[in-house]
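Chemist: Build me a model from this:
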Amino acid sequence: MNSFILSCESTVDMPFSIVNARNIPVLFYSYTAGGKEYEDDMERDPEALPNFYKLLQEEIPSTSQLNEYQYVEFFTKLLQRGDVLHIAFGSGMTTSVQGAAKAAHTLKKKFPERKLIIIDSLCSSSGYGMLVDGAADLRDEGKTIEEVARWADEARHRIHHEFFSTDLKYFRRSGRMSGAAATVAAILNICPILRLNDAGKIIAYDKVRGKRNAISYIMNKMAAHAVDGENYSGKVFICHSNTLDDAMATKKAIEERFKNIDGEVRIFNIGTIIASHTGPGTVAVFFFGDERE
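Modeler: Prediction:
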């Protein structure tokens with residue numbers, strides 16, 4: 001039996017089957033399209049993600065924050081069972097974590113004997129998943145809730161998010177890039193290189209021509225920032241939005257250059273909430289390194 005409950009949100013961008021198998025309760029986000037609300041699926045229904053990308057061809061869905069009431073309802077059920085460490089979707093992406101903190105304050109009086117610790121992950125997508133995965137490893141080793149919380153609070157600054165996009169249409173449609181810039185980039189086959197800074201916000205900091213150069217660029221960044229450089233022996237996660245071939249090419253490049261990785265490089269789908277903002281064509285690489293700038 002675990003000494004506490006570790007929980008997270010659906011934007012960890014790992015299949016629900018994996019998260020559920022690790023005994024990690026999930027609070028689900030939702031998105032709205034065509035006047036209908038859909039719950040973030042986490043691949044519970046194999047048709048949900050393909051249907052989502054068909055929908056993206058017609059409109060950009062709107063995503064919603066999690067509110068205090070949703071957190072209160074979620075935490076109440078968990079606190080009835082034990083102490084809770086909740087790792088929330090990063091505040092650089094959403095203000096939902098503020099609702100989690102308010103819910104924790106509200107529930108102190110109702111559950112005075114319980115511990116409820118909220119961690120702002122400062123991470124996104126499968127980088128957020130990597131933080132939760134690492135916390136689950138420590139929980140399973142028998143670490144206390146305080147020990148795991150301290151590790152997560154420190155480790156969140158060291159999970160690097162390096163990514164590129166090959167389809168700028170959604171950056172333009174969502175207002176992240178002007179129409180003229182997106183058109184020129186498409187003509188010149190330009191891929192913007194992006195990362196998350198230490199506040200968990202997306203920074204577009206360079207651009208290259210072509211996917212091959214984008215992958216090579218990210219490999220160089222990984223060599224420069226990963227723990228022990230090319231001798232890195234930690235985990236590596238990759239996620240992608242409907243561009244599996246590019247993700248596989250990235251995985252191959254990592255495995256050829258970094259020979260000591262812990263286990264297999266794992267590839268996940270970017271879920272519906274984050275893909276509502278990126279669209280298809282994004283590939284992201286996550287690893288432990290020095291503190292993010």
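
Chemist: ok, the residue nearest to residue 108 when sequence neighbours are not counted - contacts?
Modeler: Of all residues not flanking residue 108 in the chain, residue 116 sits nearest, at 7.7 Å (CB to CB, 6 or more residues apart in numbering). For the C-beta atoms, the positions are set from N, CA and C on the backbone; glycine is no exception. Counting by CB atoms under 8 Å, 6 or more residues apart in numbering, residue 116 touches 75, 79, 83-84, 86, 104, 107-108.

Chemist: any chance of those residues in a markdown table, with pLDDT, neighbour count and secondary structure too?
Modeler: Shown next, in a markdown table, are the contacts of residue 116 (pLDDT from 0 to 100; neighbours: other CB atoms under 10 Å; DSSP: H, G, I helix; E, B strand; the rest coil):
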| residue | pLDDT | neighbour count | secondary structure |
| --- | --- | --- | --- |
| 75 | 98 | 26 | helix |
| 79 | 98 | 19 | helix |
| 83 | 98 | 19 | coil |
| 84 | 98 | 24 | strand |
| 86 | 98 | 24 | strand |
| 104 | 98 | 21 | helix |
| 107 | 98 | 19 | helix |
| 108 | 95 | 10 | coil |
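
Chemist: and which of those is nearest residue 97?
Modeler: Proximity to residue 97 was ranked across the contacts of residue 116 by CB to CB; first place goes to residue 86, at 9.3 Å.

Chemist: how near is that closest one to residue 191?
Modeler: Distance of residue 86 to residue 191, computed by CB to CB, to the nearest Å: 35 Å.

Chemist: Equivalent analysis for residue 7, please.
Modeler: 36 Å.

Chemist: Next: residue 133.
Modeler: From residue 133 to residue 191 the distance is 28 Å (CB to CB).

Chemist: And those two? Which one has more around it.
Modeler: Regarding residue 133 and residue 191, a neighbour count based on other CB atoms under 10 Å identifies residue 191 as having more, with 27 against 20.

Chemist: Report the contact partners of the more buried one.
Modeler: Counting by CB under 8 Å, 6+ apart, residue 191 touches 164-166, 207-211, 213-214.

Chemist: In strands, which of these appear?
Modeler: Among the contacts of residue 191, the ones falling in strands (DSSP state E) are 164-165, 207-209.

Chemist: Can you flag the buried ones in the residues you listed?
Modeler: 164-165, 207-208 (16 or more other CB atoms under 10 Å).

Chemist: Of those, just say which sits nearest to residue 266.
Modeler: Out of these, the member with the shortest distance to residue 266 (by CB to CB) is residue 164, at 18.7 Å.

Chemist: Quick check, that closest one in contact with residue 193.
Modeler: Yes. Contact criterion CB atoms under 8 Å: residue 164 and residue 193 qualify, at 5.4 Å.

Chemist: picking that back up, let me have the contacts of residue 191 in JSON lines, extended by pLDDT.
Modeler: Below are the contacts of residue 191 laid out as JSON lines (pLDDT from 0 to 100):
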{"residue": "164", "pLDDT": "93"}
{"residue": "165", "pLDDT": "87"}
{"residue": "166", "pLDDT": "80"}
{"residue": "207", "pLDDT": "88"}
{"residue": "208", "pLDDT": "92"}
{"residue": "209", "pLDDT": "90"}
{"residue": "210", "pLDDT": "90"}
{"residue": "211", "pLDDT": "92"}
{"residue": "213", "pLDDT": "96"}
{"residue": "214", "pLDDT": "96"}
